[in-house]
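J.: prediction below, plus the sequence it came from.
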Amino acid sequence: MTLCKIFVIRLFAVLLISLALAGPSAAQTFPSKPLKVINSWPPGGPGDTLTRPIMTKLSERLGQPVIIENRPGGSAMIGATAVARSAPDGYTLLTANVSPIAMAPAQEAKMPYDPVKDFEPITQLVSSPLVLLVRPGLPVDSLQSLIAYGKANPSKLSYGTLGNLSSTHLAGEMLLSRAGFTMLPVPYKGAAQVVTDLIGGQIDVGFINIGGAMSFIDGGKLRVLAVTTTKRSGVLPNVPAIHEFYPGYEVNSWYGMMAPAGTPKDVVERLHREFVAILQMPEIVQLFKANGFAAEGTTPEQFGAKIKEDIHRWAEIIKTIVPAK
């Protein structure tokens, strides 16, 4: 063996030892400063109902402040874009939702981000149905009577959405397509504004995440007619699922946590462990139960697979709905 080869081998060995002794992993030193979580909706909606108590617990467990920043607009894509373009160090996270992550790719010719390539899935926090609500004074008390009213009063009804082809918009369009009547979609930046205008009578119908609607249902300010998951909600057992009338109808408005692509794997794993532990806390379990959320706590791999599956599913659904309109 030549002296040159011996030198190269020894140099390589030294480099390997240096890397092994370079210091603690990213997860061991993480976090060393405050974290920021971007919520793509205005304050007061179901995203806040979910995010704020979880981040309070995360701050306590990590020993660092966790700042929540609301960045609404663009069918929730403005906030997602901001996270996709952030440094991949675990200090900027996204409260992800099915709309900007799995539904938007089917409608946008030029997405500002790739929902698979530009993010690291951490965990799916919850599954959550939407609820079909109607304003006070609308002369309907069931899904069947709403459909009958819509058919008898063509183009008279309006319904609030969180943007074109969002989960709230698609929930309505899927129902209209299956039931054969019409309503005018009215876009809003956040669920809180939809609820306000429903209560005020400016719009007639709304599909709202159950987490943002329970207090208004319990308070008698809004009437709930149905839920959008295949099974009835545990907190609304007497309210039928639309699936009972139209088999195959389902809108599951999940929420999860994501980081920018390239975030170190051990940081992602650390955050995953923390979120799963938080989801099991009695006070969080009780909060979710009261708001109709079903805790998930999936692995990053499971959440990534769920996202890919939903992107495909919603692309197929949207292709069948959009031409019909």
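T.: On my side now, so go ahead. Numbering: from 1, shown residues only.
J.: for the residue nearest to Tyr149 when sequence neighbours are not counted, which three-state class applies?
T.: Distances taken as C-beta to C-beta, 6 or more residues apart in numbering place Val140 nearest to Tyr149, at 5.2 Å, with adjacent residues excluded. Quick note: C-beta positions are derived from backbone N, CA and C, even for glycine. Assigned with DSSP: H, G, I helix; E, B strand; the rest coil, Val140 falls in the coil class.
J.: how confident is the prediction for Val140, by pLDDT?
T.: According to the per-residue confidence, Val140 scores 97 in pLDDT.
J.: now the one 5 residues further on
T.: In this prediction, Ser145 carries a pLDDT score of 97.
J.: and what of Ala104?
T.: pLDDT for Ala104: 87.
J.: now do it against Tyr188, distance only.
T.: 17 Å (C-beta to C-beta, to the nearest Å).
J.: ditto for Gln280
T.: Taken as C-beta to C-beta, the span from Gln280 to Tyr188 is 34 Å.
J.: kindly report the same for Pro139.
T.: 24 Å.
J.: what about these two, which has more around it?
T.: More neighbours surround Tyr188 than the other of Pro139 and Tyr188, with 23 against 8 (other C-beta atoms under 10 Å).
J.: look up which helix or strand the nearest residue to that one once chain neighbours are set aside falls in, please.
T.: Ranked by C-beta to C-beta, 6+ apart and with sequence neighbours excluded, the top spatial neighbour of Tyr188 is Val194, at 5.0 Å. Here Val194, judged by DSSP states H and E, is contained in helix 191-200.
J.: what average pLDDT does that helix get?
T.: Averaging pLDDT along helix 191-200 yields 94.
J.: following that helix, which helix or strand shows up next?
T.: That would be, after helix 191-200 and using DSSP H and E, strand 205-209.
J.: so in that sheet, which strands flank that next one, and in what orientation?
T.: strand 130-134 (antiparallel), strand 158-161 (parallel) (DSSP bridges).
J.: out of the ones you listed, the one nearest Ser167 is which?
T.: Nearest of those to Ser167, taken as C-beta to C-beta: strand 130-134 at 6.6 Å.
J.: now the helices: where do they sit in this protein?
T.: With helices called from DSSP state H, the chain shows them at 3-20, 26-29, 46-62, 77-84, 98, 143-152, 167-179, 191-200, 214-218, 265-279, 282-291, 300-321.
J.: and the longest one, what's buried?
T.: The neighbour-count criterion (16 or more other C-beta atoms under 10 Å) identifies 300, 303-304, 306-307, 310-311, 314, 317-318, 321 as the buried residues of helix 300-321.
J.: got CSV for those, with pLDDT and distance to Leu236 too?
T.: Below are the buried residues of helix 300-321 laid out as CSV (pLDDT from 0 to 100; distance: C-beta to C-beta, whole Å):
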residue, pLDDT, distance to Leu236
Pro300, 98, 32
Phe303, 98, 26
Gly304, 98, 31
Lys306, 95, 24
Ile307, 97, 27
Asp310, 93, 24
Ile311, 94, 29
Trp314, 91, 25
Ile317, 86, 24
Ile318, 86, 28
Ile321, 75, 26
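J.: possible to save these as CSV with distance to Met77?
T.: Output for those, formatted as CSV (distance: C-beta to C-beta, whole Å):
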residue, distance to Met77
Pro300, 22
Phe303, 19
Gly304, 19
Lys306, 19
Ile307, 15
Asp310, 16
Ile311, 14
Trp314, 15
Ile317, 19
Ile318, 16
Ile321, 20
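J.: how is the protein divided into domains?
T.: Annotated domains of the chain cover 27-128+254-324, 130-244 [automatic domain parsing].
J.: give me the spatial nearest neighbour of Ser142, chain neighbours excluded.
T.: Nearest one to Ser142, counting by C-beta to C-beta, 6+ apart, is Leu225 at 6.0 Å.
J.: how close does that neighbour sit to Pro46?
T.: Counting by C-beta to C-beta, the gap from Leu225 to Pro46 is 18 Å.
J.: okay, those two: which has more neighbours?
T.: Of the pair Leu225 and Pro46, Pro46 is the one with more neighbours under other C-beta under 10 Å, namely 27 against 20.
J.: list the buried ones in stretch 206-222?
T.: Residues 206-214, 216-217, 222 are the ones in stretch 206-222 that count as buried (16+ other C-beta under 10 Å).
J.: quote the end-to-end distance of it.
T.: End-to-end span of stretch 206-222 (C-alpha to C-alpha, to the nearest Å): 10 Å.
J.: and the contacts of it?
T.: Under the criterion C-beta atoms under 8 Å, 6 or more residues apart in numbering, residues 44-46, 49-50, 128-136, 159-161, 167-168, 171-172, 191-192, 194-195, 198-199, 223-224, 227-228, 233, 235-236, 251, 253, 290-293 lie in contact with stretch 206-222.
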